[in-house]
Structure formats: C-alpha cells, structure tokens
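**Q** structure for the following, please:
(chains A, B, C and D)
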Number of protein chains: 4
Amino acid sequence: MASVTTSMLDAYPKSINLDRAKLAAVIDTINACAQACTACADACLSEDMVAELAKCARSDLDCADVCTTTSRVLSRHTGYDANVTRSMLEACATTCRACGDECARHADRHEHCRICAEACRECERACRDLLATIS
Amino acid sequence: MASVTTSMLDAYPKSINLDRAKLAAVIDTINACAQACTACADACLSEDMVAELAKCARSDLDCADVCTTTSRVLSRHTGYDANVTRSMLEACATTCRACGDECARHADRHEHCRICAEACRECERACRDLLATIS
Amino acid sequence: MASVTTSMLDAYPKSINLDRAKLAAVIDTINACAQACTACADACLSEDMVAELAKCARSDLDCADVCTTTSRVLSRHTGYDANVTRSMLEACATTCRACGDECARHADRHEHCRICAEACRECERACRDLLATIS
Amino acid sequence: MASVTTSMLDAYPKSINLDRAKLAAVIDTINACAQACTACADACLSEDMVAELAKCARSDLDCADVCTTTSRVLSRHTGYDANVTRSMLEACATTCRACGDECARHADRHEHCRICAEACRECERACRDLLATIS
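**A** Reported below is the predicted structural model:
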C-alpha cells in the first residue's frame, strides 16, 4: 500500500526538483528513524543501567529532532532551495552516523538500541543517496 | 511488515500502561497525519488560488505540530502520566477535527486536501479510541 | 527592550482575537519554559544519580515538546480557531503542572530542577490566565 | 536580567565544551529567530498578496524548524559531539541566509519581513561565530 507520503507527493500541484518515488522513500525512512530515536531515548531512560546510556539517550534526542526537521524540509517544495535541502541532508546523515555508532555500542545488550542503530544506518544511507542526486 | 513503532514498543524494557498493539497503531496513524498536514500546507502554498487556502494552510501547520508532539508524548513511557497523555490526545483530536473540517471544504477541488482530510479523520478517531481506554 | 515576539505581533497585518501585549508575554513565557525543560532534561542525564531523575527527564521532554507546539499555535492567527487554541493551552497547563511538580521534588538538590520548576509554574499560570480570557 | 538559558547553563552539573556566556547568547538569538520566522510565515499567509509571499512563507517554515532543532542540539551537552553540533550550525546558517535573503526582498513592503530578515541575519552571524570557535 502506498504511504501517505507518496500520495501527497503525487497530489502536489507543481513540479518537484527531485524524483518523487525516491523522495517519498527517503522521507518515510527519515520518519521511521525519528520514531525509533524517540522511543530509544525513552527506553534508555527506563533501563536500570541508565547511567551508561545517558550519552545514547542524548544522541537519540538529537537524532529525533534533526530527522523531524529534515523530513519537514524535504516535504516542502514551494520555492525549493537546493542549499537548504543539501545542508539539512548533510546534518541528518552526520547525526544518524553519530547516533547509529552510539546505539551500535549497546546493540548486543539492548534490543531497542539494536533496532535504533539499524534505523539510523538506513537513514544515513537514504540521506547520502539523495544528496548524491542533488549535488 | 511490522512498523518500527511496533518493534520499539516490543523492545521497551518496562511495563506500559496501554495495550502495545493499539498504541503502536495510534502512533503510526498520528505520524501519517503529521506527514499529510505538512505536505498539504506546502501544496496549499503552491496553488494559484493560495489566498482561498490560507486558513487551510494554517490549520495544516497547527495540526502537523500538534500531531508531532502527541506522537512523541505517546512514545514515552518512563514515569507515565495519564493526565498529560489525556490532555494531548484531546488537543490532538480537537485539532484534527478542525483541520479535517477545513480540508474537507476544499476536497473536491484539491486532491491533497481530500487525502489530508481523510488522514485527519482517521487520526481524530484513533485519538478518541485511545482516550476511551484511558479515561 | 521589546521582544521579537512583540514586534512581530505588532506587525501582523490583520486583527488578532486576543490582547497583543498579553499574548506576546504568554508566548515569551512558554518559550522560556521550553528552553528550561530542554536544558533540564539534559542536566538530569548528566547527574551521577540519573536513575532517580529518569522520570524528571521524561517530564521535561514532554513539557519542552508541548510548550514548543503551544507557542507555535499561539503565534498563528490566520483563521484563528478558539477550540484549537483552548485545547493546546489546557494541555500546556496540564503538562507544566506535571513537570513543575516533578522538578520541585528535586529542587533542593539540583539547581536546574529548581529553575525549571519555577519556569513551569510561571508557564502554567500564563496559560491559565490566557485561557480565562478565551473561555 | 539573565535569560533562563544563561541560568540553566550555569546550573549544568558537568563541563561544557563551549564558552557558556557565548553559547547562551547564541541559543537566545536562535530562539528569537525561530519565533520571528513562525510569526512571519503566518503574517505572509494573512497578506492579501499572499501569492507573492508563498516562497517567503516556505522559507520561514524551514527556518523556524531548523532553528528550533539547532537550539535543542546546542542545549544538550551529555556526550557532546562536535560533528553533530557543527553540521547543525552550518545548516542553520545556510537556512538563515536563504530566509534572510527572501524576507529582505519584501522588507520595504512588509514590516514583518523586515524584522524577520534582521532576525535571520543576526542568527546567521551568531551561528558562524560559534562555528569559528569549534572548527
């Protein structure tokens, strides 16, 4: 089933400077990463060993915020500005790299970190793929 | 395929005061509505008749922000507070009702408003359903 | 010196259904609370006794998100909808009450919780004051 | 009077890798820019000539989101990551440049665009200043 992201991009009334199918897939991947990071931050706070996960929770919170903003920027096309899109995709890839690395360190002990690390890796890849088509 | 929301709720290390499957479905519905509203606001800005859609764009922006925050509150369980959850679900249902009504007025002329109205209706229903299990 | 909130409300080209000076003061108070809560959540994560502050960090994160969205809703007037404004002010007051109570429990041990509790109290009051002029 | 940002940074229990007074000033400048952009987007939607301001409203919305996220990233210090901070400061400076340029084009006709352009210029400068101390 097509995601609402795809349906909305198809219904956009003007031209879009990026491939719509690819763009929809990237936005969905970023939204999934934002969701994973928000949940992982809270799961870290719930662990008995939260002290060892404080840095991880912080990375999650940063990554959730950066992903949410990147998704919104990508979802807007009125007066599209490649510089803004590119800089947010770079910030998003950088933040997902950092968060994925941190979560990966706890992946064998905490399932939520394992899933979140994977979501961050996929998101970083999606951002870099899209960046390659813009630059 | 299970959404990342479901996987992360399953990986949460402590108890959750709500049915996990239902909660995951509600969060996914709210996230879809946030995405629809962000895209609809931008599509409204791109229409030649934007002047007639200014109120709609405003409703979309409010609804995107309220949905994003509601989704985050629902995704956190450490120190769960039923009053906070309930008040945000009520605000989200109210905002989705307002945005759905406004979008519905333009649904026959603009496909993005038609899809967004539907997303708002579903989101309002999901919030009220979850509210009924908390109150 | 007038805040940018005041200057922007004065520059708004149409009528506003609320007292502009009062509205600007409420928005500034809400923004200050959002800032305090974001910082308090991170300070809690940095304390050696973070395990005792996990619930506090969660309240802070909810409160920061709810305040940010409430501030944005209040800053938009195109097609003003009293139901939406009222429901978000109620959610914001409820969330500030919960967060203020939680922070107050740690106020004598952690200065960041003391300041944040105060910011939450002021914000709750500001939201309820504004609500009284709408209802 | 000290802003709540300053008080909270002073109350932070561990070391911070940046000058606290400078950091507080940058965060306050970014928050003011976020507020100006949210208000400017809505003011644009309220102008009779909204069709000519659609691109400006879009820039405002991007800038408000990017500033909000940058402010949050800067407000977190647990496990500080210079790469993440740097990439968001760069994205914020780029977005403020774009939004400031767009608002400046309408500054002589719309007071809200004039004020917002100024807030964007200040914010871009503040981000670049802070970047210079990190790189």
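
**Q** what about stretch A:27-34, near chain B?
**A** Yes. Using Cβ under 8 Å from any Cβ of the partner chain, stretch A:27-34 reaches chain B at A:27, A:31, A:32. Every residue, glycine included, has its C-beta placed from N, CA and C.

**Q** selecting buried members of those residues in PyMOL, what would you type?
**A** What follows is the PyMOL syntax selecting those of those that are buried according to 16 or more other Cβ atoms under 10 Å in any protein chain shown:
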select buried, chain A and resi 27+31+32
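
**Q** the helix or strand where residue A:83 lies: what's the following helix or strand?
**A** Assigned by DSSP states H and E, residue A:83 belongs to helix A:82-104. Downstream of helix A:82-104, the next assigned helix or strand under DSSP H and E is helix A:111-134.

**Q** so is that next one next to chain C?
**A** No. Taking Cβ under 8 Å from any Cβ as the criterion, helix A:111-134 and chain C are apart, separated by no less than 14.7 Å.

**Q** list the buried ones in that helix?
**A** The neighbour-count check on helix A:111-134 (16+ other Cβ under 10 Å) flags A:111-124, A:126-127, A:130-131 as buried.

**Q** run through the residues that contact the closest residue to residue A:33 other than its chain neighbours.
**A** The shortest distance from residue A:33 to any non-neighbouring residue, by Cβ to Cβ, 6 or more residues apart in numbering or on different chains, is to residue A:123 (3.8 Å). Contact analysis of residue A:123 by Cβ atoms under 8 Å, 6 or more residues apart in numbering or on different chains lists A:29, A:30, A:32, A:33, A:67, A:92, A:96.

**Q** what about 10 Å?
**A** Applying Cβ atoms under 10 Å, 6 or more residues apart in numbering or on different chains, we find residue A:123 in contact with A:26, A:29-34, A:36-37, A:63, A:66-67, A:70, A:92-93, A:95-97, A:99-100.

**Q** and the residue of chain A most remote from its centre, helix, strand or coil?
**A** What lies farthest from the middle of chain A is residue A:48; by Cα atoms, centre = their mean that is 27.4 Å. Classification of residue A:48 by DSSP: H, G, I helix; E, B strand; the rest coil places it in coil.

**Q** neighbours of the nearest residue to it once chain neighbours are set aside, how many?
**A** Sequence neighbours aside, residue C:51 is the residue nearest to residue A:48 in space, at 7.3 Å (criterion: Cβ to Cβ, 6+ apart). Using other Cβ atoms under 10 Å in any protein chain shown, residue C:51 is surrounded by 13 other residues.

**Q** burial of residue A:91, as a residue count?
**A** When counting by other Cβ under 10 Å, one arrives at 29 neighbours for residue A:91.

**Q** do residue A:21 as well
**A** 11.

**Q** the closest residue to residue A:120 other than its chain neighbours and chain C, how far apart?
**A** Closest residue in space to residue A:120, ignoring its immediate chain neighbours: residue A:100 at 3.3 Å, by Cβ to Cβ, 6+ apart. When distance is defined by Cβ to the nearest Cβ, to the nearest Å, residue A:100 is 19 Å away from chain C.

**Q** same check on residue A:119?
**A** For residue A:119 relative to chain C (Cβ to the nearest Cβ), the value is 19 Å.

**Q** and for residue A:115, nearest residue in space, chain neighbours not counted?
**A** Residue A:115 sits nearest to residue B:7 (Cβ to Cβ, 6+ apart), 5.2 Å away.

**Q** packing partners of the strand or helix carrying the one you found?
**A** Per DSSP H and E: residue B:7 is located in helix B:4-10. The helices and strands touching helix B:4-10, judged by 3 or more Cβ pairs under 10 Å, 6 or more residues apart in numbering or on different chains; DSSP states H and E, are helix A:20-46, helix A:111-134, helix B:20-46, helix B:54-74.

**Q** mind checking how far it is from the chain centre?
**A** Chain-centre distance of helix B:4-10: 18 Å, with Cα atoms, centre = their mean, to the nearest Å.

**Q** tell me who's in contact with the residue nearest to residue A:48.
**A** Counting by Cβ under 10 Å, 6+ apart, residue C:51 makes contact with A:45, A:47, A:48, A:49, A:50, A:51.

**Q** with residue A:84 instead?
**A** Taking Cβ under 10 Å, 6+ apart, one finds A:73, A:76, D:58-59, D:62-63, D:66, D:91, D:94-99 in contact with residue A:84.

**Q** so which of these comes closest to chain B?
**A** Set against chain B, the nearest of the contacts of residue A:84 by Cβ to the nearest Cβ is residue A:76 (4.3 Å).

**Q** give the contact list for that closest one.
**A** A:84-85, B:38-39, B:41-43, B:45-46, D:57-59, D:61-62, D:65.

**Q** mind running it again at 7 Å?
**A** B:42, D:58, D:61, D:62 (Cβ atoms under 7 Å, 6 or more residues apart in numbering or on different chains).

**Q** for residue D:54, see how far away it is.
**A** Distance of residue A:76 to residue D:54, computed by Cβ to Cβ, to the nearest Å: 11 Å.

**Q** where does chain A dip in pLDDT?
**A** Within chain A, the ranges that satisfy pLDDT under 70 run A:1, A:135.

**Q** at the geometric centre of it, which residue do we find?
**A** When Cα atoms, centre = their mean is applied to chain A, the residue found nearest the centroid is residue A:30 (3.2 Å).

**Q** residue A:119 versus that one, what's the distance?
**A** On the measure of Cβ to Cβ, residue A:30 and residue A:119 end up 10 Å apart.

**Q** and what of residue A:17?
**A** Distance from residue A:17 to residue A:119, counting by Cβ to Cβ: 27 Å.

**Q** ok, now residue A:42?
**A** For residue A:42, the distance to residue A:119 equals 15 Å [Cβ to Cβ].

**Q** before we move on, what about residue A:87?
**A** Going from residue A:87 to residue A:119 by Cβ to Cβ gives 22 Å.

**Q** near chain B, which residues of chain A are found?
**A** Contact residues, chain A versus chain B (Cβ under 7 Å from any Cβ of the partner chain): A:4-5, A:7-8, A:11-14, A:31-32, A:35-36, A:38-40, A:42-43, A:45-47, A:68, A:72, A:75-78, A:111-112, A:115, A:119.

**Q** just the CA coordinates for stretch A:43-54, please, in CSV.
**A** Presented in CSV, the C-alpha positions along stretch A:43-54 are these (Å, rounded to 0.1, in the frame of the first residue of the first chain):
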residue,chain,number,x,y,z
ALA,A,43,13.8,3.0,26.6
CYS,A,44,17.3,4.1,27.7
LEU,A,45,15.8,6.2,30.5
SER,A,46,13.9,3.1,31.6
GLU,A,47,16.9,0.8,31.9
ASP,A,48,18.4,0.1,35.3
MET,A,49,21.8,0.9,33.9
VAL,A,50,20.6,4.3,32.6
ALA,A,51,23.9,6.0,33.7
GLU,A,52,25.7,4.1,31.0
LEU,A,53,23.1,5.1,28.5
ALA,A,54,23.0,8.8,29.1
